[in-house]
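# everything below, folded, please.
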Amino acid sequence: MKQIFAALVGAGLAVSAIATSAQTVVNKGEFTVAVVANYAPMEFKDPGTGKLTGFDVELAEAIAAKLGLKIRFEETSFDQMMSAVATGRVDVVISGMNDLPSRRDRLRFVDYLKAGPQFFTLSSRSNDIKKMSDLCGKKVGASRRTAFPSDIAAWSEAECVKKGLPAVIVLGTDGSADARTQLRQGRLDAAVQGAETLPYLQKIEPNAFVAIGTPITYVYMGIAVGRSNEGLAKAIATGLDKMLKDGTYAAIASKWGLSSYAVSSVLIDSAE
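Numbering: from 1, shown residues only. Take a look at the predicted model:
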């Protein structure tokens, strides 16, 4: 894997210069973070207090603390996040956004987690859907706002159709919550959502859902910064690198049940 200082600081920029650059970019030491507060455990509203919380929230706060910067969260919709950061309405997105090549023309990604789309079903269906191949010919739903439907279709082609089994019937849903609702209603046999979300889901709804197999594929999640905003990207990468070295990152990942998906070094645009 390419370390952050090989990827971004190789030009000879010192950490202090990077921090100064970030402070200039983010308006005298404060940066605005766009989040969509409905993706537990990444970011969501605590049911008891209504306070914004989650892995991404604590990660952003810790990075800001490492850099001596203030932070302000701005809730938005997923559809608006990329344009918001690309046009400078917000400084960064830290909201479970996948680092995809199709997004890199406008965004620079500082990658911080590696997960992927995971099949799951109701616990009551676990006797007839025990393994991934049992999903061939079944109805499987996933949020149409993500790449998951296309991921399911690609997996189906490789693991069902090419092996002489019926294709998975892929259905787009209005978000992951809608997929789970349709699963409970019997309109779906299984669903797909990010593997990073399932441990939390199983914690708050014990015995309701069961994972099937392993993630279809793996993808990095990244902190998204405008492509022209290199100063801020370097500062964030430096802060995350410090957290990896001093154990802060590992502690936050462990708290939210995400140690299995943690990264061991800072990557830029999934450069390995």
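# ok, which stretches of this structure are strands?
Applying DSSP state E to the chain gives strands spanning 30-35, 38-39, 43-45, 52-53, 70-75, 92-93, 107-115, 117-122, 139-143, 169-173, 190-194, 209-212, 219-226, 262-268.
# neighbours of residue 157, how many?
12 (other CB atoms under 10 Å). (Each C-beta comes from the backbone N, C-alpha and C, glycine too.)
# now do the contacts for the residue lying closest to residue 200 once chain neighbours are set aside.
Of all residues not flanking residue 200 in the chain, residue 41 sits nearest, at 4.0 Å (CB to CB, 6 or more residues apart in numbering). For residue 41, the contacting residues are 54-55, 196-197, 199-200, 256-258, by CB atoms under 8 Å, 6 or more residues apart in numbering.
# closest to residue 234 out of those residues?
Nearest to residue 234 among the contacts of residue 41 is residue 55, at 22.8 Å by CB to CB.
# ok, that closest one to residue 216 distance?
As for residue 55, its distance to residue 216 is 22 Å (criterion: CB to CB, to the nearest Å).
# and residue 141, by the same measure?
Residue 141 is 14 Å from residue 216, by CB to CB.
# swap in residue 252?
For residue 252, the distance to residue 216 - CB to CB - is 26 Å.
# my guess is residue 209 meets residue 121, correct?
Yes - taking contacts as CB atoms under 8 Å, residue 209 lies within contact range of residue 121: 7.0 Å.
# per-residue pLDDT of residue 250, please?
At residue 250, the model reports a pLDDT of 97.
# no wait, residue 270
83.
# next: residue 177.
88.
# where do the helices sit along the stretch 51-200 of the chain?
Here the stretch 51-200 of the chain has its helices, by DSSP state H, counting those that start in this stretch, at 55-67, 78-86, 148-159, 176-184, 198-204.
# highest mean neighbour count out of the ones you listed?
helix 55-67 (a mean of 22; mean count of other CB atoms under 10 Å).
# pLDDT averaged over that helix, what's the number?
Mean predicted lDDT for helix 55-67 stands at 93.
# could you shift the numbering so residue one becomes 7, and keep it that way?
Sure thing, new numbering starts at 7, so read that last one as helix 61-73.
# show me what contacts the closest residue in space to residue 78 that isn't next to it in sequence?
Closest residue to residue 78 apart from its sequence neighbours, by CB to CB, 6+ apart: residue 38 at 5.0 Å. With CB under 8 Å, 6+ apart as the criterion, the residues that contact residue 38 are 32, 78-80, 96-98.
# what subset of those residues is buried?
32, 79, 96-98 (16 or more other CB atoms under 10 Å).
# what is the nearest of those to residue 276?
For the buried ones among the contacts of residue 38, the nearest to residue 276 is residue 98 (17.3 Å; CB to CB).
# list the contacts of residue 180.
149-150.
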